[in-house]
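[1] Output the structure for:
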Amino acid sequence: MTDKATPKPKAATRKAPAKKRPAAKKPRAKKSMPKKAGASWGRKIWSISWKLGLILAVAIASYGIYLDQIIARKFEGQKWHLPAQVFSRSMALYPGAAVSHGQLMSELKLLGYRKVANPRQVGEFSASKTKIDLWRRPFLHPQGDQLEQRVMITFDSNGVVSVARNSDKRQLAVFHLEPVLLDRIITGDGEDRLFVPTEEMPKSIVNALILVEDRTFYEHHGVNPFAILRAAMVNISAGRTVQGGSTLTQQLAKNFFLSSERSITRKLREALMAIIIDFRYEKDEILEAYLNEVYMGQDKARGVHGMGLASQFYFGRPIAELTVPQQAFLVAVIKGPSYYNPWRYPERAQERRDLVLRLLMEAGDLNVAQYQAAVESPLGLRKANKSVHQKLPAFFSVVKHELASRYGDALLQQSGVKVYTTLDPMAQEAAEKAVEQTLKQLGKNDKSLQVGLVLTDKYSAGIAAMVGDKVPSYQGFNRAVEIRRPIGSLIKPFVYATALSQGNTYNLVSPLKDEPITLKNDQGKTWSPQNVDKQFRGQVPLLTAFKKSMNVPTVNLGMAIGVSSVATTLDKAGWREKIPEYPSMLLGAVNGSPLMVAQVFQTIADDGRYRHLNSVTTVLDANNQPLVASRPQAKQALPAASNYLVKYAMTQVVDSGTAKRLGNAFPYVTLAGKTGTSNDSRDSWFAGFDERNVAAIWVGRDDNGKTGLYGSSGAMAVYQAFLNNRAPLSLRMAPVDGVVQGYFERDTGKAEEPQCANVVKVPALAESYQPVANCGEPLPWWKKLIGG
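    Numbering: from 1, shown residues only. Next up is the predicted model:
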């Protein structure tokens, strides 16, 4: 039994080694210092990384918010400062309008209408000898939107006979053509654009743009990483930049907010802004902004921006009327307006255009036949020498002055203002040609000669044309407005108007003294006026004195009716500067300008009605609402009946007086005119009118030197050249109320009956025309018996 109990001590000896802990401590070698440090650094790097990431995210978010505010201000506020648009007058056509068949044809050509055999779309017309079939464009008129409309306009020798709508043959009371866009007044950064909303942009241009510039425009979110990667690979392969990866949205971001600097920073900012723009705004709004912002070329100092202006710049017509090849060119030129300048590099430009056309064909937008016809067509550019901006320094100076006085100095600083003026583009062109032609001829003897010309529209009292220098495009001293020169015999119609208004005293045949006269002033100085030929005839009929511009009879008449009375008549007619009330004033010792002369002769042409000449008819704000401004009221300044006698006398000046050379040039046209010459032939003047326009012209020297010209050889020559360039309309001389056909004894001026001997037939005032019975002879006894 003792042998079986021995295992217990053995078990005790086995447990002893288990208590030896030092041998079991060897695994501590795992807690080496390098591994502890690695774990610690990893945690630190992670800690720093996520904090930096958070800071970076906050920074990017903050920067994104900052950029978002910039973008929002631009997109939701005023995207662009749109230049003030300045338009010509809108031609009005109505039965009786003083517009000839040829003048309407010229107007349509200027507006870019196409002459065809049969109009099939807007912007086309056909013409016969007496009719014009016109399909008018829609446009914004000061009186409201004008829709597209097709009409038939009929003419006779006097102008428009009728205007009828083609659809139902209804006769229209008045029909307007769109005005010519003369210019845009840029006051800001030199960028010029013509805003066109997306709905008015041809769909084919939009399709071509997306196809060429950004095929995934409607799919991406502002940036297309695949396009960027593809472009990078192509450029690396080529060793140069041959392809871009920017989306339309990125291009818009760059154009709107960034410079053209090539840097990673700029590209990152561009991408971020593109993402924000795409997130905030609809694709169509982004597209509209791009189409109106994109840089399309350079017009001297002006940058041409947007498709709307580019259409006018390259083709001279609205974008809605462009052909498919022309639309393709606009998309093509975006890649490099200078590189593909069609006037400098036509082959290069056409090759790029044809590439766009090929892409359209491949996309199914054109069939093979359409593509073939398109690539074979010329570029169809406007003429390089035909500017899209009218150089009208004299007229524009008057417009700006009137805008400032009626609407305030800040008007042109507003965006999107539309200014409708009175300028007649065809009259302006004819006037400029007349000035250049005549001054070139007159300048052979005197290169110092200068000119000032104002033409008004008789019906609207608007300034239809203005030239302030013999070089019409010269921007400097405006002689049409700023000179002050003695007007010479142009004063005489107002002397005679004053006398003829005294119907019981004077008529057109009243004898006037043509005898030597000497007048003395308060200082004892004497003045003895002379006729041009230095002759005296004893007495002459009033009409003869007028049409021959005789000085002595005019002075005798003026002294009889009173110098102050003549000054009053001139003032009523619209002369707005001081009139010296001296006898010499009766022969034109009154300083004035062509504009001042045009004002008073406009009153005569308008049957004695005074209306202040203006250059601006209407101004619309950015929302196309008219701005309110004051305007002087019209009034009857001169009696209509006696004014008619003056008009008749002016027609006799052209028929057989000092302006008969003009009458001989236009033998079948009734014209009214008056020549004027200042002392020593220093100033040559002419004022006259046909049925439509009133003209006032001065020719002279800036140094006030002698010219050797009379009114008939200087200023009237300019007017004659003007009428050669723009055929006149015969003056309609229908008598007004209070005027009758009178018969007067040739020597005494007494009213007689038609059958009397030695009588002359002229218009007369009804109230004073009382012919003497029996031609002034005693009645026979048998007539007395029956009561005469």
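[2] confidence score at Ala16?
    pLDDT for Ala16: 46.
[3] With Arg21 instead?
    Among the per-residue scores, Arg21 holds a pLDDT of 50.
[4] same check, this time on Ser528
    As predicted, Ser528 sits at a pLDDT of 93.
[5] Just give me the neighbour total for it.
    Using other C-beta atoms under 10 Å, the number of residues around Ser528 comes to 10. Where C-beta positions appear, they are placed from N, C-alpha and C, glycine not excepted.
[6] Surely it and Ile517 touch.
    Yes: between Ser528 and Ile517 a contact is recorded at 6.8 Å, counting by C-beta atoms under 8 Å.
[7] tell me which element Ser126 falls in.
    The secondary structure element spanning Ser126 is strand 124-127 (assigned by DSSP states H and E).
[8] Can you tell me which residue sits nearest the middle of this structure?
    Here the mean C-alpha position of the chain is nearest to the C-alpha of Leu182 (C-alpha atoms, centre = their mean), at a distance of 2.6 Å.
[9] Surely it and Phe87 touch.
    Yes: Leu182 sits in contact with Phe87 when judged by C-beta under 8 Å, with a separation of 6.4 Å.
[10] any common contacting residues for those two?
    Each of Thr421 lies in contact with both Leu182 and Phe87 under the rule C-beta atoms under 8 Å, 6 or more residues apart in numbering.
[11] Helix, strand, or coil at the residue nearest to the centre of the chain?
    Remark: Leu182 carries the secondary structure label strand [criterion: DSSP: H, G, I helix; E, B strand; the rest coil].
[12] repeat for Leu140
    strand.
[13] what sits against Thr438?
    Applying C-beta under 8 Å, 6+ apart to Thr438 gives the contacts Val451, Ala717, Val718, Ala721.
[14] Please flag which of the residues you listed sit within helices.
    Ala717, Val718, Ala721 (DSSP state H).
[15] So what's the residue count around the first one?
    Here the number of neighbours of Ala717 (other C-beta under 10 Å) works out to 24.
[16] That one is in contact with Leu442, isn't it?
    Yes: under the criterion of C-beta under 8 Å, Ala717 lies in contact with Leu442, with a separation of 7.1 Å.
[17] so where's the chain shaky on pLDDT?
    Along the chain, the model assigns pLDDT under 70 to residues 1-39, 77-78, 188-189, 231-232, 234-245, 385-389, 776-788.
[18] quick check: longest helix of this structure.
    The helix of greatest length in the chain, counted in residues with DSSP H as the criterion, is given as helix 33-76.
[19] on that earlier part again, and the contacts of the strand holding Ser126?
    Among residues not part of strand 124-127, those counted as contacts by C-beta under 8 Å, 6+ apart are 101, 105, 108, 113-119, 132-135.
[20] 6 Å - rerun?
    Leu108, Tyr113, Arg114, Val116, Asn118, Pro119, Ile132, Asp133, Leu134, Trp135 (C-beta atoms under 6 Å, 6 or more residues apart in numbering).
[21] List the pairing partners of the very next helix or strand once past that strand within its sheet, with orientation.
    Elements were assigned by DSSP H and E; along the chain past strand 124-127, the next helix or strand is strand 131-136. With DSSP bridges as the test, strand 131-136 is paired with strand 124-127 (antiparallel), strand 149-156 (antiparallel).
[22] buried residues in the last one?
    By neighbour count, with 16 or more other C-beta atoms under 10 Å as the criterion, the buried positions of strand 149-156 are Gln149, Arg150, Val151, Ile153, Phe155.
[23] and the second one, what does it touch?
    When you say that, I think you mean Arg150. The contact partners of Arg150, by C-beta under 6 Å, 6+ apart, come to Trp135, Asn166.
[24] Please apply the same query to the fourth one.
    Neighbouring residues of Ile153 by C-beta under 6 Å, 6+ apart: Leu93, Ile132, Val163.
[25] redo that, cut-off 8 Å
    The neighbourhood of Ile153, defined by C-beta under 8 Å, 6+ apart, consists of Leu93, Leu104, Lys131, Ile132, Leu134, Val160, Ser162, Val163, Phe175.
[26] Against Phe125, how distant is the nearest residue to it once chain neighbours are set aside?
    Closest residue to Ile153 apart from its sequence neighbours, by C-beta to C-beta, 6 or more residues apart in numbering: Ile132 at 4.7 Å. Between Ile132 and Phe125 the distance is 6 Å, computed by C-beta to C-beta, to the nearest Å.
[27] Mutual contacts of these two, please.
    Listed as contacting both Ile132 and Phe125 by C-beta under 8 Å, 6+ apart are Leu108.
[28] Can you show me the helices along the stretch 451-600 of the chain?
    For the stretch 451-600 of the chain, helices defined by DSSP state H, counting those that start in this stretch occupy the ranges 479-482, 492-500, 542-547, 551-561, 563-573, 594-605.
[29] Take those and lay them out in a markdown table including distance to Leu638 and mean neighbour count.
    Below are the helices of the stretch 451-600 of the chain laid out as a markdown table (distance: least, C-beta to C-beta, whole Å; neighbours: other C-beta atoms under 10 Å):
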| stretch | distance to Leu638 | mean neighbour count |
| --- | --- | --- |
| helix 479-482 | 24 | 21 |
| helix 492-500 | 6 | 26 |
| helix 542-547 | 16 | 25 |
| helix 551-561 | 14 | 21 |
| helix 563-573 | 6 | 19 |
| helix 594-605 | 7 | 27 |
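[30] Same list, those, but as CSV with distance to Ala208 please.
    As requested, these are arranged in CSV below (distance: least, C-beta to C-beta, whole Å):
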stretch, distance to Ala208
helix 479-482, 47
helix 492-500, 63
helix 542-547, 67
helix 551-561, 72
helix 563-573, 60
helix 594-605, 50
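[31] mind checking which of those helices is nearest Ala72?
    Closest to Ala72 of these, according to C-beta to C-beta: helix 479-482, at 47.1 Å.
[32] contacting residues around that closest one?
    Residues lying outside helix 479-482 but in contact with it, judged by C-beta under 8 Å, 6+ apart, are 394, 397-398, 450-454, 466-469, 593-595, 698.
[33] Verify the contact between Leu177 and Ser90 for me.
    Yes: look at Leu177 against Ser90 with C-beta under 8 Å: they come within range, at 6.2 Å.
[34] Same drill for the two, tell me which one is more crowded.
    When Leu177 is set against Ser90 and neighbours are counted by other C-beta under 10 Å, the residue ahead is Leu177, at 22 against 18.
[35] Provide a list of residues in contact with Leu287.
    The contact partners of Leu287, by C-beta under 8 Å, 6+ apart, come to Thr198, Val206, Phe217, Leu248.
[36] burial count for the residue nearest to the third one when sequence neighbours are not counted?
    Leaving aside its chain neighbours, Phe217 sits nearest to Ile210 (5.1 Å; criterion: C-beta to C-beta, 6+ apart). Around Ile210 sit 17 other residues, with neighbours defined as other C-beta under 10 Å.
[37] Tell me how far Ile210 lies from Leu359.
    Applying C-beta to C-beta, the value for Ile210 to Leu359 is 11 Å.
[38] Kindly report the same for Ala373.
    Here Ala373 is placed at a distance of 17 Å from Leu359 (C-beta to C-beta).
[39] same thing with Pro325?
    Counting by C-beta to C-beta, the gap between Pro325 and Leu359 amounts to 13 Å.
[40] quick one, which of these two is more surrounded?
    Applying other C-beta under 10 Å to Pro325 and Leu359 shows that Pro325 carries more neighbours, namely 23 against 18.
[41] Confirm that that one sits in a helix.
    Yes: according to three-state DSSP, Pro325 belongs to a helix.
[42] Return the residues in contact with it.
    Arg353, Leu357, Ala374, Val375, Ser377, Leu379, Gly380.
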